[in-house]
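**Q** Build me a model:
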Amino acid sequence: MKKVLITGARSGIISKVIDNIINDYELYLTVHTDSQVRAMKDKYKNYKNVTCMKLDITNEYDYRKIENIDIDIYIANAAIAESGSMIEMPVDRIRDNFETNVFSNFKVLQRVLQKMIKKGRGKVIIMGSLAGKIPMPFLGAYSGSKASLIKMTEALRFELLLLDSDIKVSLILPGLYDTGFNKLAMDKKYDFMDLDSFFEYQLDFIRTYDKFVLFFEQRSLSSIVNKICQAVSSDNPKFIYTAPFSQSLVARIVSLFW
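**A** Have a look, this model is predicted:
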């Protein structure tokens, strides 16, 4: 069995991906906290080909846990989302968003890639977001981090073309899906905007806007799960996979006029 390392493997879209590939790969599933590890171990206790471990990608001490794994496929899924006006959002929150979604993701990716390059083959699948293509008000920190991740992955792809190795790179760009992630992210801005904000008199409108955006969440995860599974199983995966189709189309149209 090929060995697959997944970060941020606790829930949401990636949990459905795991359900689809669990019988075909040796899986190393990593999560952020010890309590999450215990829950994961209980969930997959009947699978001898599944190893669950704590890997906080912002903590380089945790990286030692994956040093001796001969990884064939790496899925970089760990991410957080902060929200708030770019005018008044605490800079520490912006920094945290970039630290997790960009810098720490690439720290792990560099370690994995360097080992793949030495053996001449491998596959990396990086979870971006359509939010990195369409600027979204009050999600500037998250959108900015995903936009950076997209551009860095595009640069990585061209760099790998110069090396004599069979390493494939795929970028996954999901739209809005009903996993709880988007609502949790949007609600974070009210931690400080409810207390004191230039948008004091627009808060009711902003809450209505949040509900409007969440209305377009896809309830079924199958469209994006299928794309990720294609990237995992294909010998020649595409570079970019997007879903759902309707939101991907809107993103392309908006990009023409923005």
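**Q** From K115, how far off is N68?
**A** Distance of N68 to K115, given as C-beta to C-beta, to the nearest Å: 10 Å. All C-beta spots, glycine's among them, are computed from the backbone N, C-alpha and C.
**Q** Looking only at neighbour counts, state which of these two leads.
**A** Neighbour count, other C-beta atoms under 10 Å: between N68 and K115, K115 has more, with 16 against 6.
**Q** And the strands in the stretch 1-150 of the chain?
**A** Ranges of strands within the stretch 1-150 of the chain are 3-6, 26-31, 50-54, 73-76, 121-127, based on DSSP state E, counting those that start in this stretch.
**Q** Give me whichever of those is most buried.
**A** Highest mean neighbour count of the strands of the stretch 1-150 of the chain: strand 73-76, a mean of 25 (counted as mean count of other C-beta atoms under 10 Å).
**Q** For stretch 245-258, buried residues please.
**A** Residues 247-248, 251 are the ones in stretch 245-258 that count as buried (16 or more other C-beta atoms under 10 Å).
**Q** closest to S220 among those?
**A** Q247 (13.3 Å; C-beta to C-beta).
**Q** and the gap between the residue lying closest to that closest one once chain neighbours are set aside and D42?
**A** With C-beta to C-beta, 6 or more residues apart in numbering as the criterion, Q247 has its nearest non-adjacent residue at 3.3 Å, and that residue is G175. Distance check for G175 against D42: by C-beta to C-beta, it reads 32 Å.
**Q** Excluding covalently adjacent residues, which one is nearest to F245?
**A** S223 (7.3 Å).
**Q** can you check D194 too?
**A** Per C-beta to C-beta, 6+ apart, closest to D194 is L203, 7.2 Å.
**Q** Can you mark which positions in the helix or strand hosting that neighbour are buried?
**A** If you go by DSSP states H and E, L203 is part of helix 203-215. By 16+ other C-beta under 10 Å, the buried positions in helix 203-215 come out as 206, 210, 213.
**Q** Where does pLDDT dip in the stretch 51-200 of the chain?
**A** The model of the stretch 51-200 of the chain has no residue with pLDDT under 70.
**Q** What ranges does it have for its helices?
**A** 91-98, 105-119, 140-161, 181-187, 190-193 (DSSP state H, counting those that start in this stretch).
**Q** L5: which of those is closest?
**A** helix 105-119 (7.0 Å).
**Q** Run through the neighbouring helices and strands of that closest one.
**A** Helix 105-119 sits against strand 73-76, strand 121-127, strand 166-174, with contacts defined as 3 or more C-beta pairs under 8 Å, 6 or more residues apart in numbering; DSSP states H and E.
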